[in-house]
Each structure stands twice: as structure tokens, then as C-alpha cells.
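# Build me a model from this:
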Amino acid sequence: MQDVRMAREIFDNEKAALVIVKEGRVLFKSDSSGIRGLLQAIGKLGEEMAGSSVADKVVGRAAALLLAYSSVREVYASVLSREGMKVLKENRIKIEHQTLVQTILNQTGKDTCPFEKFSSQITSLDTAYEQLKNFAEEFWRTKEFS
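Model (predicted):
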């Protein structure tokens, strides 16, 4: 079975938020919403993600930068933003998606996702993971105390 089909099948059947498959083997699966699961996967798998296929619930610019940083081969997204699509195409990552949106919104649906705002400043794939990881840690820490 093709890796992206396998990832998507597991994603759909198990209602996962993120599934990563490589060479017919599930490398990572997460139910975490937002970018958390992808950051965890990169932290755990590192270079092993290169050449993998990913099924993800929401792929905006921030997630696309992380996927490109990880050198994944192909991506299925339930929801894909135009900026996310642009990053994936620029990095020659094959894309399938369900719904294409202008931008990824925050949890209230009233403003742009903070990770999308932050990622608009990132210009280098080499630093994308560290920058987004640091931003996420600070964001989640301040959110806990608000």
C-alpha cells in the first residue's frame, strides 16, 4: 500500500490528528490538536521523517514549514491554507487536500492562528523547527497561566 494512502486510512479510521508513515510502517501517530503533534514527531523522529508520508488535520504555513524542514515526501491535509500549499509546492512536496482555505484561524475562529502569524516571519527552513518550537513553548507556557 502506498504510504500516503496508508497514513490517510489510519488518519480517517482512527480519527487521529496526525499520522506519519514511511516504507509501510507507522512512525508516529498523535491525537494532539494544532502543531503540537508535529513538533513532538520531529523531536522524536528527527531525520527519520525524511521521505515519509504525512496525514495531518490542518496544514497552514507553520506546519508546512515543519514538514519541509523534515523533508517529507508527501502530505495529505484535511484543511490546507494557501500559504501552506505555497511552502509545500516550493519544496516539491506532493500534496493532497480536502479543503483549501485562505488562512488558518485560531481556536475562536475570529483571528488568524498565532502560529500562522509567527511563521510569516520565518524565511529559513534551517531555523524553522527551532523557531517554532521555542515560540510554541512560550505560547503554551503563557497560555497555562492566563
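
# List the buried residues of the strand or helix carrying Ala128.
In this structure, Ala128 sits in helix 125-144 according to DSSP states H and E. Buried residues in helix 125-144, defined by neighbour count with 16 or more other CB atoms under 10 Å: Leu125, Ala128, Tyr129, Gln131, Leu132, Phe135, Ala136, Phe139. For every residue, glycine as well, the C-beta is placed using N, CA and C.

# which residues does the closest residue to the fourth one other than its chain neighbours contact?
In other words, Gln131. Using CB to CB, 6 or more residues apart in numbering and skipping residues adjacent in sequence, the residue nearest Gln131 is Ile122, 5.6 Å away. Under the criterion of CB atoms under 8 Å, 6 or more residues apart in numbering, the contact list for Ile122 reads Leu65, Ala128, Gln131, Leu132.

# mind giving me CSV with those residues and columns for pLDDT and distance to Leu100?
Formatted as CSV, these follow (pLDDT from 0 to 100; distance: CB to CB, whole Å):
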residue, pLDDT, distance to Leu100
Leu65, 98, 18
Ala128, 95, 22
Gln131, 97, 26
Leu132, 97, 22
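
# Check these and tell me the two furthest apart.
Put simply, by CB to CB the two of the contacts of Ile122 set farthest apart are Leu65 and Gln131, 8.8 Å from each other.

# any idea which of the contacts of Ile122 is the one closest to Ser78?
Top of the list for closeness to Ser78, among these and by CB to CB, is Leu65 at 18.5 Å.

# quick one: contacts for that closest one?
Leu65 is in contact with Val87, Ser119, Ile122, Leu125, Ala128, Leu132, counting by CB under 8 Å, 6+ apart.

# Can you give me the distance of the nearest residue to Val101 once chain neighbours are set aside to Glu138?
Spatial nearest neighbour of Val101, chain neighbours left out: Ser81 (5.5 Å); criterion: CB to CB, 6+ apart. The spacing between Ser81 and Glu138, counted by CB to CB, to the nearest Å, is 23 Å.

# Need the nearest residue in space to Tyr129, chain neighbours excluded.
Computed as CB to CB, 6+ apart, the closest residue to Tyr129 that is not its neighbour in sequence is Tyr69, at 5.0 Å.
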